[in-house]
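Participant: Just the structure for this:
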Amino acid sequence: MKFWLLSFAFSWTIWFVFADKKRWRELFSLGFIALVYALATDVLMHYYPLWIYDGQMSPLPELANAFGVYPVVTYLFIQWLPKQKNIWVLLAYWFFWTGIAVGIELYHVKTGHMSYPRWWNTYHSYIANWILFWMFYHLHKLFRFERLSS
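Facilitator: Predicted coordinates:
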């Protein structure tokens with residue numbers, strides 16, 4: 001349980017140090033979408049567990065991730081989008097962020113706080129992260145959230 005509280009606190013410490021707080025209206029809108037997505041997938045995992053946290057004895061892991069890691073990573077991902085948006089720059093940017101995301105997951109797996117009881121594995125998560133970051137990027141463009149920072 002202490003691991004998940006530290007994970008939550010570490011996520012928000014990273015946010016307090018690195019976040020552009022002037023853009024909070026724009027970036028928390030997308031962070032909220034990421035939070036809802038995290039909670040929805042964790043509810044689905046109770047019915048069809050592709051991954052589990054600490055044997056699912058408590059809702060704390062899901063809540064710590066949903067209210068900590070997901071909104072903070074999404075916030076920073078959109079905050080630091082490159083100004084130059086050609087395909088090569090964006091691909092490099094995606095590789096960097098999907099690497100961070102899968103690195104966080106690998107840390108959880110290696111420390112025994114997360115496991116895959118079925119066919120899911122880290123490679124599936126890596127692909128899912130590409131899809132998620134693509135989705136967050138396009139939602140940011142589609143809904144023009146940057147107007148909220150003006």
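
Participant: quick one, what contacts the residue nearest the centre of the chain?
Facilitator: Centroid-nearest residue in the chain: Tyr70, 3.3 Å away (criterion: CA atoms, centre = their mean). Contacts of Tyr70 were listed using CB atoms under 8 Å, 6 or more residues apart in numbering, and they are 31, 34-35, 37-38. All C-beta atoms are positioned from the backbone trio N, CA, C, and that covers glycine.

Participant: Check Ser58 too.
Facilitator: Ser58 neighbours (CB under 8 Å, 6+ apart): Met1.

Participant: likewise the one 10 residues further on?
Facilitator: Listed by CB under 8 Å, 6+ apart, the contact partners of Gly68 are 7-12.

Participant: for Met114, same thing?
Facilitator: Met114 neighbours (CB under 8 Å, 6+ apart): 51-54, 61, 105, 108.

Participant: and it, bridged to which residues?
Facilitator: Tyr53 (DSSP bridges).

Participant: check contacts around Leu27.
Facilitator: 19-20, 74-75, 78-79, 145, 149.

Participant: Pull out the buried residues from the residues you listed.
Facilitator: 19, 74-75, 78-79, 145 (16 or more other CB atoms under 10 Å).

Participant: Name the nearest of these relative to Ile131.
Facilitator: For these, the closest approach to Ile131 (CB to CB) belongs to Thr74, at 13.4 Å.

Participant: Could you say which helix or strand holds that closest one?
Facilitator: Remark: Thr74 resides in helix 70-79, with elements defined by DSSP states H and E.

Participant: Alpha carbons of that helix, as CSV, please.
Facilitator: Output of helix 70-79 as CSV, limited to C-alpha atoms (Å, rounded to 0.1, in the frame of the first residue of the first chain):
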residue,chain,number,x,y,z
TYR,A,70,-2.4,9.1,-15.8
PRO,A,71,-3.3,12.8,-15.6
VAL,A,72,0.3,13.9,-14.8
VAL,A,73,1.9,12.0,-17.7
THR,A,74,-0.8,13.2,-20.1
TYR,A,75,-0.5,16.8,-18.9
LEU,A,76,3.3,16.7,-19.4
PHE,A,77,3.0,14.9,-22.8
ILE,A,78,0.8,17.6,-24.2
GLN,A,79,2.6,20.4,-22.5
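
Participant: after that helix, next one along is what?
Facilitator: Immediately after helix 70-79, counting by DSSP H and E, sits helix 87-110.
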